[in-house]
Structures are given as C-alpha cells and as structure tokens.
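Engineer: how would this look folded up:
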Amino acid sequence: MLRTSLTDLLGRTVPVIGAPMAGVAGAELAAAITAGGGVGMVGIEPGASPQSASEHLAAAGPGCGAGLLAWSLDHDDRALFDAVVASRPALVSVSYGDWVPWLERLHAEGLLAATATGTLVAAREAADAGVDVLVVRGGEGGGHGRNEVATLPLLQEVLDTVDHPCVVAAGGVATGRGLAAVLAAGAAGAWVGTAFLASPEASTTDAARDAVLAAASTDTVYSRVYDVASAAGWPSEFGGRSLRNRFTDRWTDHERHGTRRHQGHRRRLLRRRDHSHLRGASHRSTPGPPPRSRHHNRPGYPSPGTAHALV
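Structural biologist: Numbering: from 1, shown residues only. Next up is the predicted model:
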C-alpha cells in the first residue's frame, strides 16, 4: 500500500486516478481501476442524457468517480449535473471552461471535486478556489488540454509555489516508474489515461488498441484539427494530443484555414437545404468529418493486461 494525501482523501490503496476519457472510460474500465485500489473515473460525454450518466455511474459501482467538461455544461439546465450528483461519485472532475460555479455546487452537495490545470497560473486559481484534488497536466498528456509546459517542469513549479495538500500529476505517466517519479517529486498521485487505452475494459476498438500498442513515443501530435473538422465545440485554447496520421499531417498548423473552409462548406450546404424544396430535389445528409481517432499519446508502454493489474 502506498499512502499519500490522495489515498487518505479517497480511502484508496493506490494513488492512481483513471482519467475520465469520454468515449473510452466507461463503467467497466472505471470499475476495474477501482477494484485495483485506484479511483476509476467515468467520462461523461458532451450531450449525454441524465439517464445515461446515471446508468453508467451505477454500473461502475461504489468508489468510482465522474468527469464532466465545463464548457459543455449549460448553467441553465442542471439535469445532467444533478444526475451525476445524485449518483454520489467518490470524486467529480470538472475541467476546461468555467468550472468554478460547478465546484461550488459540488461542495454544496458534499462531494469532492477535481480540476485539470495546464499552467502555474491556472493551478494557483484552482487552489485558491478550494479544489480538493489539483490535477497538474503537462503538454505531453494524451487527449485534450494545454501544451505550454511539460509535466515535470509544471509539477515542480506548482509544488514549489502553490500551497495545496493534494497535487496529482498528469501527462506521460504510464508505468510504475512514472508513478514513482512523480511521487518522488512530491505529487500525491498520478492521473493516468493513455496506459488504460490498451485494457480490455476500455471502450477502445480493436484497431485503435492495436495502433496505440504499435505506436512509438514520437508518433503523436498536438493539434485542433479534429475539433475543427467535427465542430466539436471545444474552446480554441484547448487542443488535443493524438496519434499522427495523414489527416493530422495535412491540417496541423492550418486550423484557421480549416475553420474558414469548414464554415464555408456548412453555409453552402445550408443554402442548398433551404432552397431544395424550390427545386423539388432532395438533399443529401451533410458528410461528416474524418472519424476522430480515440488514440491518445503513448508516453510509456501500455499493457494489454487488465486495468486493475496496471494499478
């Protein structure tokens, strides 16, 4: 048993939190991580119904947490948030966007809250706001976040200058060595995502799992191209790290041009739809963007074993 302020706070035996990767971290993965002594998080996808969120959290079971995206929450419609609160998860993370009002509501409900930060300024703001688990995420982290500072430099800055009892490191932690490194630096635990993509409990396709396992640590890219192409709604300040492919090679660093082109394409399609009844012609459905890979970065060597074995 590794005892830290994180394990004491959450009553766990392993200082690992499974990242709430929307679309990948469902009930089965969250339950497996929790069974291994860590805290598994269910990623609540933007636009999810309250019933779906409740069902996933119920299936995950006691000791699991939930992850929400602040930018996707509608302050005037608390149904999804209330469904998560009613499930009484062990921890609720709300990140990326205006998360402070949700933190206050979680505390009012007697729940523990976490948020992910990618700069020293953001970490200070989170600590001042009273977040229970301060996640310090470096630019090498998979999925969405900032890319200004790497994990270890940011972790050292935060630990040296921010007064907080439970700082958790995220980004590039995929093995026991990585966990030992951030614990030695002074973190209370690790926030791990990519390493669990290869677990059979993750909602990862076989093709995606094979691609992650076959990739080298240099095969990732930080970009907004998928979000721009799919009009996903993510704020422009947050990009995402994924495996490189021909699409990212073509469009990375050209997001602005891609945005204008995508918007122009949508306007043309809307004009065709609006006038189609005058022509008596049917219109085809809007072609979607290239499918987004669910691959995150590969900072270490993900194991194809079960998730609870990794923690």
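Engineer: how about the helices in the stretch 151-300 of the chain?
Structural biologist: 151-161, 176-185, 206-214, 225-230, 246-251, 255-279 (DSSP state H, counting those that start in this stretch).
Engineer: Is the spatially closest residue to residue 158 that is not a sequence neighbour within a helix or a strand, and which one?
Structural biologist: What sits nearest to residue 158 in space, not counting adjacent residues and going by C-beta to C-beta, 6 or more residues apart in numbering, is residue 123, at 4.7 Å. Every residue, glycine included, has its C-beta placed from N, CA and C. Secondary structure assignment for residue 123, by DSSP states H and E: helix 120-129.
Engineer: Show me which positions of that helix end up buried.
Structural biologist: Buried residues in helix 120-129, defined by neighbour count with 16 or more other C-beta atoms under 10 Å: 120, 122, 123, 124, 125, 126, 127.
Engineer: Show me what secondary structure element comes after that helix.
Structural biologist: strand 133-137.
Engineer: Now do that next one: everything it contacts.
Structural biologist: If you take C-beta atoms under 8 Å, 6 or more residues apart in numbering as the criterion, strand 133-137 is touched by 6, 9, 17, 91, 93, 95, 112-118, 123, 126-127, 145-146, 151, 154-155, 158, 162, 164, 166-171, 187, 191.
Engineer: and stretch 231-240, what's its mean pLDDT?
Structural biologist: Stretch 231-240 carries an average pLDDT of 90.
Engineer: Mind listing what's buried along it?
Structural biologist: In stretch 231-240, counting by 16+ other C-beta under 10 Å, buried: 234, 238, 239, 240.
Engineer: I'd like to know how many residues surround the closest residue in space to the last one that isn't next to it in sequence.
Structural biologist: Right, the one you point to is residue 240. Distance criterion C-beta to C-beta, 6+ apart; nearest residue to residue 240, sequence neighbours excluded, is residue 144 at 4.6 Å. For residue 144, the neighbour count with other C-beta atoms under 10 Å is 25.
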